[in-house]
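Trainee: Next comes the sequence, and after it the predicted model I'd like to discuss.
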Amino acid sequence: MVWTLALLVAFLSCNGRTDKIIGALQSPHTVLTHALAALCLTSNWLIYVWATFNDRILEGALGYYINPFLYILLGSIFLGEKHSRMQMVAIAVAAAGVALQFPAVKGIPWAALGLAISFAGYGMIRKKSPLGSFDGLTLEMGIMFPFALIYLCLINPHDSAFGSNSNATWLLVATAAATATPLLFFAHGAKSISLSLLGILQFIGPTGQLLIGWLVYNEPMPLLRLLSFTLIWVAVIIYIITIKHHALKK
């Protein structure tokens, strides 16, 4: 949060856009909207880190597989987004693929549900926000900055914020770009396309995570999980083809 805020403020300052942030701070509604967005985003990060450090990576990936269906549901309920018959087939096929992931998670997947709900909430709030991707994310990081700073002061502030050596310092600085870049693209996409399409595209993230676990870290890839991947990506292809076909008809 600290380094991301520093990167965003530097960018906005160089482009003379800090006046938008100042104007947003004068609107209680805008501040409250992005405070809720910041809360959703921070909750999502904390749950994911907790799951990673407590050997629940698979459950974390499951959460991001559930997430797209929440986008589709929110789009239908609050934004009146409609789906063709083939798109409903694609959603059903994807749901079947995700369901095959559940046997690997023992008990109620609380971390997965928390990840899905928090990020779906973030996407919904960003779609309704009047601010652009850069301005909105800067405001969110600014809102959470005091809490992040307090946390750093309570633990070892030097090692946590700046690293214990030069390599660690540059890696921590790099987290700003690694954090901001996907969130900026996500916020722009949330305002530019339907929540349903945004949801379908969200299958890319967890699939990438699991493929890295399989190909890079040599985690097992049982037949059931491979079948799950196949169903999910068949669904994504069907959904995108129906969108392209609908656009050509227009």
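Mentor: Structure received. Numbering: from 1, shown residues only.
Trainee: Every contact and neighbour count from this point should use C-alpha atoms.
Mentor: Fine.
Trainee: Identify the residue nearest the geometric centre of the protein.
Mentor: Phe119 (5.4 Å; C-alpha atoms, centre = their mean).
Trainee: for the helix or strand that contains Ala95, the distance to its chain's centre please.
Mentor: Per DSSP states H and E: Ala95 is located in helix 85-99. Mean-position distance between helix 85-99 and its chain equals 21 Å (C-alpha atoms, centre = their mean, to the nearest Å).
Trainee: Dump that helix to PDB, restricted to CA.
Mentor: Listed next in PDB are the C-alpha coordinates belonging to helix 85-99 (Å, rounded to 0.1, in the frame of the first residue of the first chain):
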ATOM      1  CA  ARG A  85     -29.000 -19.300 -24.300                       C
ATOM      2  CA  MET A  86     -25.400 -20.200 -25.300                       C
ATOM      3  CA  GLN A  87     -24.000 -17.800 -22.700                       C
ATOM      4  CA  MET A  88     -26.100 -19.600 -20.100                       C
ATOM      5  CA  VAL A  89     -24.700 -22.900 -21.400                       C
ATOM      6  CA  ALA A  90     -21.200 -21.500 -21.000                       C
ATOM      7  CA  ILE A  91     -21.900 -20.400 -17.400                       C
ATOM      8  CA  ALA A  92     -23.300 -23.800 -16.600                       C
ATOM      9  CA  VAL A  93     -20.200 -25.600 -18.100                       C
ATOM     10  CA  ALA A  94     -17.900 -23.200 -16.100                       C
ATOM     11  CA  ALA A  95     -19.900 -23.900 -12.900                       C
ATOM     12  CA  ALA A  96     -19.500 -27.700 -13.500                       C
ATOM     13  CA  GLY A  97     -15.700 -27.200 -13.900                       C
ATOM     14  CA  VAL A  98     -15.500 -25.100 -10.700                       C
ATOM     15  CA  ALA A  99     -17.600 -27.700  -8.800                       C
END
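Trainee: Which other helices and strands does it contact?
Mentor: helix 57-78, helix 223-249 (3 or more C-alpha pairs under 8 Å, 6 or more residues apart in numbering; DSSP states H and E).
Trainee: Can you give me the buried ones in the last one?
Mentor: Burial within helix 223-249, assessed by neighbour count using 16 or more other C-alpha atoms under 10 Å, is assigned to 225, 228-229, 231-233, 235-236, 238-240, 242-243.
Trainee: next one: the first one
Mentor: Buried positions in helix 57-78, judged by neighbour count with 16+ other C-alpha under 10 Å: 57-75.
Trainee: if we can go back for a sec, quickly find the element holding the residue nearest to the centre of the chain.
Mentor: Counting by DSSP H and E, Phe119 is found in helix 110-128.
Trainee: swap in Gly199?
Mentor: Using DSSP H and E, the element containing Gly199 is helix 195-201.
Trainee: give me the number of residues near Asn165?
Mentor: Neighbourhood size, Asn165 [other C-alpha atoms under 10 Å]: 9.
Trainee: and if you look at Ile143?
Mentor: Here the count is done by other C-alpha under 10 Å, and Ile143 has 20 residues near it.
Trainee: how close does it get to Ala174?
Mentor: Between Ile143 and Ala174 the computed distance is 21 Å (C-alpha to C-alpha, to the nearest Å).
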